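Prediction below, plus the sequence it came from.
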Amino acid sequence: MTLLEMIVKASANTDSVASVSDYPIVLNPDDVLPNLRPKLDDPNPTLLVNPIIGWQISQTDSYVIDLGKKFYTKLNRKLKNPIDFDKDEFLKILNQFLEKIRVKVGVSIGIDLSHNGYTLVLIEKVGSLMGKDVAGLVLDACVDLEIWELVEVLIVNGLIEHSCYLNLVNKLVAKKRSELLCLCIKHASDLGASELLAILKYFLCPAKDAYSSMVNVRKEWEKQALSAIDRASGNSLTGKKLRIAKEASILLMLAHDGFSASELCLHYLLASSNVDAVTLTSSIGKLNGKEMMNLIRYLGKWLKKYAQFPQAGPCPEASLKLGLKACSWVPKLEDVINCVGLVLDEKFSSLVLHPEFHEELRFMGVVVSCLASEARLCCIMADVAERLKVEV
């Protein structure tokens, strides 16, 4: 069987894997590579591949893998009977499993079982040794039992496989967990078109009972904006840090004022470097008329803001030096323009044929023309400055 035939066969197999893989964790190479040696006493140097022997994983890795397989089987069995399986029992067996891993690898966490954040710290310290299959099953249990703080720590620590995100996003949308959807956007490396579409639909036309979960997102933006203003107007900072604080205060003011709670959540999607343009275009193409109108109005707000405050721009140093993490998630003018371009490319015919979009598009056209004029002037000034440098 050729490699292509093997790939086609594997792709055609839609049956879900019911057991954990043989090597679900990253093996320690220090215990493997030194033991490898050629199988032949006199290997042929002209061959591209020579057989080797001595492959054997460490006792610690073997123990952790075996522990994960047993836990996977146990948890999978219990999840099939959710009536007899509650939050307390899940946390008990999860803590026991993680504690065994911690003891085996010799990691200290500094707190005991009675501490409220015991499970969270365990996952942060040894969660990467659970393996992708076990982590996916633990995620399912956390969502089903609504242990949202554990879902958060799994997302933030990058323990969720790409294949799990579609199911996770759909469940979070159904359960109206806006803050966790924002975390998915921030930490998932490659959300697919289906995930992006679900997120766009949720934030562009949120249900009435979804707004309560967006309050925490708005509060975080408010907290960051007020912190930037306090630092910029106070006496605690001087020099470069004061300049950064002033730039950050303008940027966060732009991102907060005039945007609804659901639009504040959209900032993360627009600013994310992990969102592929082709994938986003596919998702935009499946939006209905109301959703498209809300997206255009949202983009129009950003264009107007950047036209009114041309001094506003990216401020990455504020996140590193002042702890103003929200500055990294404010969409740049470039991000906004790119998204407008995607909307026009994908929905041009619909936008032209439906008159309800015309007023919004005319408004955006005026703002874009102003921004383009300023850009041309800046280019001329930059060219003059470069020529003066050469003359000097």
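That came through, no problem.

Now do the strands in this structure.
37-38, 52-53 (DSSP state E).

Would you point to the one among those that's packed deepest?
Scoring the strands of the chain by mean neighbour count under mean count of other C-beta atoms under 10 Å gives strand 52-53 as the most buried, with a mean of 12. C-beta: built from backbone N, CA, C; applies to glycine.

Sheet-wise, list the partners of that one with their directions.
strand 37-38 (antiparallel) (DSSP bridges).

who touches the partner strand?
50, 51, 52, 53, 54 (C-beta atoms under 8 Å, 6 or more residues apart in numbering).

Let me know the pLDDT of residue 12.
Here the pLDDT value assigned to residue 12 is 61.

For residue 282, see how far away the residue nearest to residue 44 when sequence neighbours are not counted is.
Nearest non-adjacent residue to residue 44, counting by C-beta to C-beta, 6 or more residues apart in numbering: residue 50, 6.8 Å away. Distance of residue 50 to residue 282, computed by C-beta to C-beta, to the nearest Å: 46 Å.

Contact partners for residue 145?
86, 87, 90.

of all those residues, which comes closest to residue 264?
Distance to residue 264, by C-beta to C-beta, is smallest for residue 87 among these, at 30.8 Å.

hey, where'd the helices end up in the stretch 251-392 of the chain?
With DSSP state H, counting those that start in this stretch as the criterion, the stretch 251-392 of the chain has helices at 261-271, 277-284, 289-308, 316-321, 333-353, 358-391.

Figure out which of the ones you listed is closest to residue 200.
Nearest to residue 200, of the helices of the stretch 251-392 of the chain and by C-beta to C-beta, is helix 277-284 at 5.8 Å.

neighbours around the residue nearest to residue 276 when sequence neighbours are not counted, how many?
Nearest non-adjacent residue to residue 276, counting by C-beta to C-beta, 6+ apart: residue 190, 7.2 Å away. Look at residue 190: counted by other C-beta atoms under 10 Å, it has 11 neighbours.

doesn't residue 278 make contact with residue 190?
No: with contact defined as C-beta atoms under 8 Å, residue 190 does not count as touching residue 278 (11.7 Å).

where are the low-confidence patches of this protein?
By pLDDT under 70, the low-scoring segments of the chain are 1-28, 30-31, 353, 358, 361, 363, 366-385, 387-392.

Now do the helices in the stretch 101-250 of the chain.
Under DSSP H, counting those that start in this stretch, the stretch 101-250 of the chain gives helices at 118-126, 132-144, 148-156, 165-174, 178-187, 193-204, 211-233, 239-256.

With residue 264 as the reference, measure out to the residue nearest to residue 270 when sequence neighbours are not counted.
In space, residue 270 comes closest to residue 331 once its chain neighbours are excluded; the distance is 4.1 Å by C-beta to C-beta, 6+ apart. As judged by C-beta to C-beta, residue 331 and residue 264 stand 11 Å apart.
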